[in-house]
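*Asks:* Structure of the sequence below:
(chains A and B)
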Protein chains: 2
Amino acid sequence: MNSLIPSHGGDIYNYDKNLIDFSSNINPLGYPKELDEIIKSSFEDLLKYPDVEYRELRAKIAKYLDTDIEYIEVGNGSVEIIDMVISFFSRVFIFEPSFSEYRLRAEVHGLDIVSIDLDKSFEFTLDKLEGLREGDLIIITNPSNPTGKTLTKEILKEIYLRVVDLNAYLLLDEAFFEFSDLDYDSVELFKKLAYSNVGIVRAMTKFFGLPGIRLGYGVFEKDIIEKFSKKRLPWSVNSFAVNSSDILFNKDYIDKSFKYVKEAREILFNNLKSIKGISPVESNANFLLLKIDGASEDYIFRELLDRDILVRRCSNYKNLDGTYIRVAVKTRELNEILYKALREIMEG
Amino acid sequence: MNSLIPSHGGDIYNYDKNLIDFSSNINPLGYPKELDEIIKSSFEDLLKYPDVEYRELRAKIAKYLDTDIEYIEVGNGSVEIIDMVISFFSRVFIFEPSFSEYRLRAEVHGLDIVSIDLDKSFEFTLDKLEGLREGDLIIITNPSNPTGKTLTKEILKEIYLRVVDLNAYLLLDEAFFEFSDLDYDSVELFKKLAYSNVGIVRAMTKFFGLPGIRLGYGVFEKDIIEKFSKKRLPWSVNSFAVNSSDILFNKDYIDKSFKYVKEAREILFNNLKSIKGISPVESNANFLLLKIDGASEDYIFRELLDRDILVRRCSNYKNLDGTYIRVAVKTRELNEILYKALREIMEG
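*Replies:* Numbers count the residues shown, from 1 in each chain, chains lettered A, B, ... in the order given. Prediction:
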C-alpha cells in the first residue's frame, strides 16, 4: 500500500486550486434544498444539549427505515458506529478491497484481522468465509466501496445462514444503499429475525449529500444496542444533524436522485468503456472503479490534476495494484468533462 | 449514587412542559449572534467532507489560545478528547465530586480508578496526590464542576511538579475557563514546557453557548498528539462547528459575557446565601453548588419542578450526599425567579 496516497477521497484541502472533485462519492444533486430552511429555523437548538438518548431522531429514522426504534443507533457519521461494533469483537474478516477504516479501527482495538482478497471480478463468493469461527465479525460493504458491487439476495441469505450457524456476526455497511437497485432491503429482510447476529449501518453522508453534517445510523439487535449504551460518547450527534433528519422523508428527492445517478452512471460507464485502456467495473452505486491498462494510476492522476480534476488513486486499497482509479458519478456535464479528459489522456 | 437521577444536566427531554433550565451550565447571553450569519453563508461546506486534518480550524484555535498549531487537537465536544486521553492510561485519579464522564470513560477503557474524596471545602490539597505513581493519569476540572472551585497558580504548579517528578500525566479539564477570573492561563503557563506531561481541554459548549454544535479542543504535547492521530475517528468535527470557530475572536462578546456572569453570580450568591437553610459554595464559574439544610434534594427538586424550574440534583455525584443541588447562573431576571422560588420553598 502506498502511504503517500490519502486514505480517503475528498482530500481537496491539499491543493491550492479549485478542483472538480471526482474523488469523493457524494450525490451529484447535492442535499435537498429544504435543509437550508430547516437549519435557519433551528438555531435555538444550539443553545441546548441534544437529547442524550436522541429519542425523536431515532423515531424518525425508524419510520424512514420502516422498523422499530428499539433497534436504532445513531452516531457522528457511520464510522463512529462501525468503530463501536468492531470494538466488541476480537477477530474480524475484511474482504479486500474495502473501506480503509475497517482495518484502521480494528488495529486501534487490537483485533486479529483476517484479510481476504476477492477475485478479480470483485464478486463475493461463499468460499471467502472459510475459516470463520464462532464469535468472529465479518464486515461487508453493500454496495461495495470501491467496486460498486452488491450482494444478491441469495448470497446474502447464504452468508447470513453461515454466520448464524457459527454464531458469528455480520456487519453490513450500506452507506451507498439508496443509490442501488437491489430487489431487497436488508433492514426489512432481517426485521422479523430481530436483527439477530446482523447489524446494518447507513448514513446521510453519501445519498443525502451531507458529509459535513455528520449523521450515521444503524439497525442492531437489542443486545448490541445495550452494548452501545455502555460504550457510546454522550451527545455525539450535533443539533443540526438531528434536525436534518426530516429530509429523509422527501420521497421526490430520493426518487429523483436515484434515477439521475443511475442514468448518469450508465452513460459514464459506456463512455469510459469506449476508451482504449479503460475497463470500468459494473457498479450499483454512485462511483465507478476503473481498471487502467497501459498507464499507471499516478500518471492518470497527475494528468487529470493538470486539468483540475481530482480522482481517487487506489493502490492504497489492499488487493488493488497501481492500475485502478475510482471516479464518482457526478452531473452529466461534469462526467462529460471527465470522459473527454480521460479520452485525451489515453488516446491522445 | 442514585441511578434514577440523570448523569448530566440539561435533561429537559424527560418533561412534557416548558421548564426554565437551571440544570445545564450554558452562557446566559447565548452564543454570539454573528454565528447565525456564519452558518447561513456556509451551507456549501455541508457538501464536502471536512478537512480530515482540520488545518484551518486548528490554526484558528491556536491563534485564539496564543499557542502553536502543532499542540492543538479538536474533537466532537471535549468529551471525545477526554475519552481518548483516558484510553492511553491504565490508572486514573479522580477527585470527587467531579464530572461523571471521567469515571464512565475510565470504566469503558478498563482503567483502575483511584477515587479521592475532596474535603468539605472542596479545595484541592496536595495530600490528595498521595499514592500517585509513574504513568498514572490525574484529571482535575478547573474550574471544578460541580463546585466552581479553581486551583491557585501556586497549587497548580505544585501539582505539576509532583506529576513531572513521577512522570505521571495531568489532564486539566477547563470547559468553564473563560468564566473564571484566574490570574494565570494554563495554556500560556505550560507553553514554554511544550505541554510536557500536561494536557488542557476546553470547548465552545459552555462559555460560547453552543452545546448543540459539538466543538471541543485541547492543547497537548507532541507525543500525545501523535497518539491521537492513530486513534481518532475521521471527520469527528462537523462543518458548522468548523466554521463557528470565527466567533472565538469576538473580544466584545467574551468581555461582556465574563462581566455579566460574574456580576449575576455575585448577586445570586448573596441572595441565595440570605435564605435560611441554603449555603452556596463560592464559585469561579457560571453555576453554584448549594448545600441544603433541613430538606432533601428530592424535595427541593420537586418543589422547583412544580414551579417549572429544573435544577441538578447532586446525589449521583460521588462525595455529595442528598443535600446538594447545583444551579446555573442565568440572566438576572431568571435568577430572581429562582431565588424567590427557593425562598418560598425554604422559608414558606
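
*Asks:* what sits against A:Pro146?
*Replies:* Taking C-beta atoms under 8 Å, 6 or more residues apart in numbering or on different chains, we find A:Pro146 in contact with A:Pro97, A:Phe287, A:Leu289, A:Arg312, A:Cys314, A:Tyr317, A:Leu320, A:Tyr324, A:Arg326. Bear in mind the C-beta positions are built from the backbone N, C-alpha and C, glycine included.

*Asks:* Of those residues - the most surrounded one?
*Replies:* A:Phe287 (30 neighbours; other C-beta atoms under 10 Å in any protein chain shown).

*Asks:* Looking at strand pairing, list the partners for it.
*Replies:* When assigned by DSSP bridges, A:Phe287 has beta-bridge partners A:Ala328.

*Asks:* quick one, what contacts it?
*Replies:* A:Phe287 makes contacts with A:Asn25, A:Asn145, A:Pro146, A:Gly148, A:Arg326, A:Val327, A:Ala328, A:Val329, as judged by C-beta under 8 Å, 6+ apart.

*Asks:* Adding pLDDT, write those residues out as a markdown table.
*Replies:* A markdown table is the format used below for those (pLDDT from 0 to 100):
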| residue | pLDDT |
| --- | --- |
| A:Asn25 | 93 |
| A:Asn145 | 96 |
| A:Pro146 | 97 |
| A:Gly148 | 98 |
| A:Arg326 | 97 |
| A:Val327 | 98 |
| A:Ala328 | 98 |
| A:Val329 | 98 |
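
*Asks:* Mind checking which of the residues you listed are buried?
*Replies:* With neighbours counted by 16 or more other C-beta atoms under 10 Å in any protein chain shown, these contain buried members at A:Asn25, A:Asn145, A:Pro146, A:Gly148, A:Arg326, A:Val327, A:Ala328, A:Val329.

*Asks:* Could you verify my assumption that A:Ile38 touches A:Leu248?
*Replies:* No. Contact criterion C-beta atoms under 8 Å: A:Ile38 and A:Leu248 do not qualify, at 11.6 Å.

*Asks:* Who has more neighbours out of those two?
*Replies:* Using other C-beta under 10 Å as the criterion, A:Ile38 and A:Leu248 rank with A:Leu248 on top: 19 against 15.

*Asks:* Out of the contacts of A:Phe287, which comes closest to B:Leu334?
*Replies:* Nearest to B:Leu334 among the contacts of A:Phe287: A:Asn25, at 48.1 Å, using C-beta to C-beta.

*Asks:* the helices in the stretch 201-348 of chain A, which residues?
*Replies:* A:222-231, A:239-244, A:251-273, A:297-306, A:332-347 (DSSP state H, counting those that start in this stretch).

*Asks:* which residues touch A:Glu226?
*Replies:* Neighbours of A:Glu226 in contact, by C-beta under 8 Å, 6+ apart: none.

*Asks:* ok so, going back, among the contacts of A:Pro146, which are in strands?
*Replies:* Mapping these onto strands (DSSP state E) picks out A:Phe287, A:Leu289, A:Arg312, A:Tyr324, A:Arg326.

*Asks:* Report the separation between the first one and chain B.
*Replies:* From A:Phe287 over to chain B the distance is 15 Å, taken as C-beta to the nearest C-beta, to the nearest Å.

*Asks:* ok, now how distant is that residue from A:Lys206?
*Replies:* A:Phe287 sits 9 Å away from A:Lys206, going by C-beta to C-beta, to the nearest Å.

*Asks:* Count the neighbours of whatever residue of the stretch 51-200 of chain A ends up closest to chain B for me.
*Replies:* Closest residue of the stretch 51-200 of chain A to chain B, C-beta to the nearest C-beta: A:Asp51 (4.2 Å). Neighbour count of A:Asp51, defined by other C-beta under 10 Å: 19.

*Asks:* For chain A, which segments count as strands?
*Replies:* Secondary structure of chain A by DSSP E: the strands cover A:20-21, A:72-75, A:91-96, A:112-117, A:137-141, A:169-173, A:198-203, A:216-219, A:278-280, A:287-292, A:309-310, A:312-313, A:324-328.

*Asks:* Tell me the spacing between A:Leu129 and A:Pro97.
*Replies:* Counting by C-beta to C-beta - A:Leu129 and A:Pro97 are separated by 18 Å.

*Asks:* before we move on, what about A:Lys60?
*Replies:* To A:Pro97, A:Lys60 is 34 Å away according to C-beta to C-beta.
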